[in-house]
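Chemist: Can you look at this prediction? I've put the sequence above it.
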Amino acid sequence: MARDAAGPEIETIKTGRDVMLANYVLCSEDLEERQMAPRYFARLENRLRAFLDTA
């Protein structure tokens, strides 16, 4: 039963990490990182929608 309970917790941690990385990409001074922002945010939006749909 402990394994089943860990699934949602892990997904919450992973989603939080994704949001933190999005903030980093958005604030980065590195041109390459800023250029990947649109792709990253599109992927993050899909992940957030999936997370919220299952939460």
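Modeler: Happy to help now that I have it. Numbering: from 1, shown residues only.
Chemist: need the helices for this protein, in chain order.
Modeler: Counting by DSSP state H, one finds helices in the chain at the ranges 2-27, 31-35, 37-54.
Chemist: Export the ones you listed as a markdown table, with columns for mean pLDDT and mean neighbour count.
Modeler: Yep, even glycine has a C-beta here, placed from its N, CA and C like the rest. Written out in a markdown table, the entries for those read as follows (pLDDT from 0 to 100; neighbours: other C-beta atoms under 10 Å):
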| stretch | mean pLDDT | mean neighbour count |
| --- | --- | --- |
| helix 2-27 | 85 | 11 |
| helix 31-35 | 92 | 11 |
| helix 37-54 | 93 | 12 |
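Chemist: Please report how far the residue nearest in space to the middle of the chain lies from Thr12.
Modeler: In the chain, the residue lying closest to the centroid (C-alpha atoms, centre = their mean) is Asp18, at 2.3 Å. When C-beta to C-beta, to the nearest Å is the yardstick, Asp18 and Thr12 sit 11 Å from each other.
Chemist: related to what we said a few turns ago, so the residue nearest to the centre of the chain sits right up against Arg47, yeah?
Modeler: Yes - if you go by C-beta atoms under 8 Å, Asp18 and Arg47 touch, sitting 5.8 Å apart.
Chemist: Not counting sequence-adjacent ones, nearest residue to Thr54?
Modeler: Closest residue to Thr54 apart from its sequence neighbours, by C-beta to C-beta, 6 or more residues apart in numbering: Glu11 at 7.6 Å.
Chemist: mind listing what the residue nearest to the centre of the chain touches?
Modeler: Taking C-beta atoms under 8 Å, 6 or more residues apart in numbering as the criterion, Asp18 is in contact with 44, 47-48.
Chemist: Can you tell me which of those comes closest to Val25?
Modeler: Sorting the contacts of Asp18 by how near they are to Val25, with C-beta to C-beta, puts Leu44 at the top with 9.3 Å.
Chemist: Report the contact partners of that closest one.
Modeler: The neighbourhood of Leu44, defined by C-beta under 8 Å, 6+ apart, consists of 18-19, 22.
Chemist: what about it, distance to Ala6?
Modeler: With distances taken as C-beta to C-beta, Leu44 is found 23 Å from Ala6.
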